[in-house]
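**Student:** just a sequence and a predicted model for now, questions to come.
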Amino acid sequence: MSVVRAAAAILSVVTAGALAACGTAPPMTASAARELSGAVQAVRSAALAGNPSLAESDLASLRANVASLEKAGELSPARAKAILAAASNVMAQLTLFSSTTTTTVSPFPPGGSSQSSPGQGHDHQGHSGDKKHKSDKNGGGD
């Protein structure tokens, strides 16, 4: 499951809770659903942008919101548990994404080779890097 799909799963849990609010004790209030929906969208946007660090930060905010809303009675313990489980799944996907993403660095400049261009690697007197000039006993040259 991709990170974006996992984030969408959280959104479906939040939405299902809002729609199920027709019973005697709603799993979440309408305002809680709006708040959590916004938090989930932030996670999803960060995941779509390929920014796992931001997505992890947004997940931490989502978890804090869930805890706060549950404590305030705006979110049932069962719905809070379902949202947190979905958030854990997203976190697992982010961890997987972060650990499998690699960056390849070319040892050569784009379109170039390992050889220097004329004039590179020499000082202002035309001497190459570490070699001392015959008249330079201390390596200073001046």
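**Tutor:** Cool, the structure landed.
**Student:** scan the chain for its longest helix.
**Tutor:** Among the elements of type helix in the chain, defined by DSSP state H, the one spanning the most residues is helix 77-100.
**Student:** after the helix or strand of the chain with the lowest mean pLDDT, next one along is what?
**Tutor:** Of the helices and strands making up the chain, the lowest-confidence element is helix 3-19, at a mean of 59, by mean pLDDT, DSSP states H and E. Next in sequence after helix 3-19, counting helices and strands by DSSP states H and E, comes helix 30-48.
**Student:** then that following helix to PDB, C-alphas only?
**Tutor:** The C-alpha atoms that make up helix 30-48 are tabulated as PDB, following Å, rounded to 0.1, in the frame of the first residue of the first chain:
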ATOM      1  CA  ALA A  30     -19.200  17.300  12.900                       C
ATOM      2  CA  SER A  31     -16.600  19.800  14.000                       C
ATOM      3  CA  ALA A  32     -14.200  17.000  15.000                       C
ATOM      4  CA  ALA A  33     -14.700  15.400  11.600                       C
ATOM      5  CA  ARG A  34     -13.800  18.800   9.900                       C
ATOM      6  CA  GLU A  35     -10.800  19.300  12.000                       C
ATOM      7  CA  LEU A  36      -9.500  15.700  11.500                       C
ATOM      8  CA  SER A  37     -10.200  15.900   7.800                       C
ATOM      9  CA  GLY A  38      -8.000  18.900   7.500                       C
ATOM     10  CA  ALA A  39      -5.200  17.200   9.400                       C
ATOM     11  CA  VAL A  40      -5.500  14.100   7.100                       C
ATOM     12  CA  GLN A  41      -5.400  16.300   4.000                       C
ATOM     13  CA  ALA A  42      -2.100  17.800   5.300                       C
ATOM     14  CA  VAL A  43      -0.600  14.300   5.700                       C
ATOM     15  CA  ARG A  44      -1.900  13.400   2.200                       C
ATOM     16  CA  SER A  45      -0.500  16.500   0.600                       C
ATOM     17  CA  ALA A  46       2.900  16.000   2.200                       C
ATOM     18  CA  ALA A  47       2.900  12.400   1.000                       C
ATOM     19  CA  LEU A  48       1.900  13.400  -2.500                       C
END
